[in-house]
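A.B. asks: Provided below for reference: sequence and predicted model.
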Amino acid sequence: MEEETPLTKMAIIRSLLSPSTAPHLILLVIAASLLHIMAKVGSEQAASFGFIAFSTAYILLAPASNKEVFRKLITFEKQEDSSFADSMKQRLKILIVPTSFGLVLWGIMSFTMGEGNTLSDVGTIIPPTLGFLFVAWAAAQGWFFAYATSNSIKSPETGTVKDTSTHSPIPSLITTSTLMVAMTILVTEAFRFSLGNSSFSVWPYVASFAVFAISVRITWPLRQKASAHTATHAVAKRWFHVTQLFITWHVLSIVRSIDSASSNTLIFIEELVLMILTVFMAIWALTSKADGRKSTLFTKDNALFWGVAFGYAYAGSVAMITSVFDDLTAVLIGGHILVVATVVWAQRSLLDSRINRMFKDFDIKESVESIDIAPLKEEETEETTPEEIQTSTEEDETLESIGDPVDWNQKPESIGDETNWEEDVELLD
């Protein structure tokens, strides 16, 4: 049986950016923008129905896309002799099924949950519920990033226990601190230069250092535990570097949003990058389980459809919560805080489980390797001659076995056989 190749990050990226499914991403941008405008002008309920309908449509289409009969309807395959006009028609054609499906679901929700209808009470709670999901999406962003990056770092095949008098997490901590400081300086000064703001602010440095100190304090026992073994130390060091830089990025975004140091354009670009990163991490974690194993439900062939479904839900949450608070900056700040808190918490919980698994694996491996199989003696390894075999057989035959001294033709003795019955027996009165 041919072994399947592992599902890598590049395979998922190629699937997400494939020209055969690019129209679905364009539809996501257009539909989400229109629904967001509807929510801003006061039609929050109708817009929430639309976001949920299109997200549900792609959730149902994602597993079906694994079947060839459905995949032909929602993917584009360019013909070699087709013109540009024909190619555009074929690209738009793959949007008929998800658009029709989404519109039908949208209509059903509007006629059943709209004002004055049977389930109108349910319809009134959908917009705030969808807005509340922004909390879940923000936490999911931090969790998926931490989970995917943790499992993407391969464990060394070999390792040794460090000397208890010399092992320490301090060198790794110094490296992480250096990277964090460098990122804070580069990002802060780059934004200050691009915006033409000559005033220097100390708050980005204070915020990033304070959060870094909290992270170190929370994870210090695990850092010490990981540094006791070369394998766990290597994994923990690399993972702390990645997660701390991600945390620092979000902390600096919070400070810029509070100080109004970023323009709306820069904020939009930054949030778009974070959303794309979140979708990718979520798809990677679900499709490959972040360690190269394939999933039967989430595959590289339907990764885009799962990503589009998540995109509609994420955009719907942002639209609902911004229409309620009417302040996008406050919403984004709250999202960044949730991401930072989630990653800091994941630094401890995920690393703890990873270290325990690695210690268990190495204990098993070391116990197996410690088994010393004694080599055969030299005389035992030499070829046995026929004479030795015959001698050994004769010696075995001399050994007593059960039944050898028994003469089965001999009459068995009975009680009284040796008694002389002719002798006089004196009877006592």
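C.D. replies: Structure received.

A.B. asks: Please make it C-alpha for all contacts and neighbour counts, starting now.
C.D. replies: Fine.

A.B. asks: buried stuff in stretch 246-261?
C.D. replies: 246-257, 261 (16 or more other C-alpha atoms under 10 Å).

A.B. asks: Mind exporting the C-alpha coordinates of that stretch to PDB?
C.D. replies: Extracted C-alpha coordinates of stretch 246-261, given in PDB (Å, rounded to 0.1, in the frame of the first residue of the first chain):
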ATOM      1  CA  PHE A 246       3.600  36.900  18.600                       C
ATOM      2  CA  ILE A 247       2.600  38.200  22.000                       C
ATOM      3  CA  THR A 248       4.800  41.300  21.600                       C
ATOM      4  CA  TRP A 249       3.200  42.000  18.200                       C
ATOM      5  CA  HIS A 250      -0.300  42.100  19.800                       C
ATOM      6  CA  VAL A 251       0.900  44.200  22.700                       C
ATOM      7  CA  LEU A 252       2.300  46.800  20.400                       C
ATOM      8  CA  SER A 253      -0.900  46.800  18.400                       C
ATOM      9  CA  ILE A 254      -2.800  47.600  21.600                       C
ATOM     10  CA  VAL A 255      -0.500  50.500  22.500                       C
ATOM     11  CA  ARG A 256      -0.700  52.000  19.000                       C
ATOM     12  CA  SER A 257      -4.500  51.700  19.100                       C
ATOM     13  CA  ILE A 258      -4.700  53.500  22.400                       C
ATOM     14  CA  ASP A 259      -2.300  56.200  21.400                       C
ATOM     15  CA  SER A 260      -4.000  56.600  18.000                       C
ATOM     16  CA  ALA A 261      -0.500  56.100  16.600                       C
END
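
A.B. asks: Please dump the buried residues of stretch 246-261 into CSV; it should also carry secondary structure, pLDDT and distance to residue 19 for every row.
C.D. replies: Shown next, in CSV, are these (DSSP: H, G, I helix; E, B strand; the rest coil; pLDDT from 0 to 100; distance: C-alpha to C-alpha, whole Å):
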residue, secondary structure, pLDDT, distance to residue 19
246, helix, 90, 30
247, helix, 90, 33
248, helix, 90, 35
249, helix, 88, 31
250, helix, 89, 32
251, helix, 89, 36
252, helix, 86, 35
253, helix, 84, 33
254, helix, 86, 36
255, helix, 85, 38
256, helix, 80, 36
257, helix, 79, 36
261, coil, 54, 37
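
A.B. asks: Adding distance to residue 333, write these out as a markdown table.
C.D. replies: Shown next, in a markdown table, are those (distance: C-alpha to C-alpha, whole Å):
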| residue | distance to residue 333 |
| --- | --- |
| 246 | 15 |
| 247 | 13 |
| 248 | 14 |
| 249 | 13 |
| 250 | 9 |
| 251 | 9 |
| 252 | 11 |
| 253 | 8 |
| 254 | 5 |
| 255 | 9 |
| 256 | 10 |
| 257 | 7 |
| 261 | 13 |
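
A.B. asks: quick check, nearest of those to residue 215?
C.D. replies: residue 247 (9.6 Å; C-alpha to C-alpha).

A.B. asks: how close does the closest one sit to residue 240?
C.D. replies: The gap separating residue 247 from residue 240 is 10 Å, by C-alpha to C-alpha, to the nearest Å.

A.B. asks: In terms of helices and strands, where is the residue nearest to residue 54 when sequence neighbours are not counted?
C.D. replies: In space, and not counting its chain neighbours, residue 54 is closest to residue 102: 4.6 Å by C-alpha to C-alpha, 6 or more residues apart in numbering. For residue 102, the host element (DSSP states H and E) is helix 96-113.

A.B. asks: Flag every buried residue along that helix.
C.D. replies: Judged by neighbour count (16+ other C-alpha under 10 Å), helix 96-113 contains these buried residues: 97-99, 101-103, 105-107, 109-110, 113.

A.B. asks: So what touches that helix?
C.D. replies: The contact list for helix 96-113 (C-alpha atoms under 8 Å, 6 or more residues apart in numbering) reads 46, 49-50, 52-58, 61, 73-74, 117-124.
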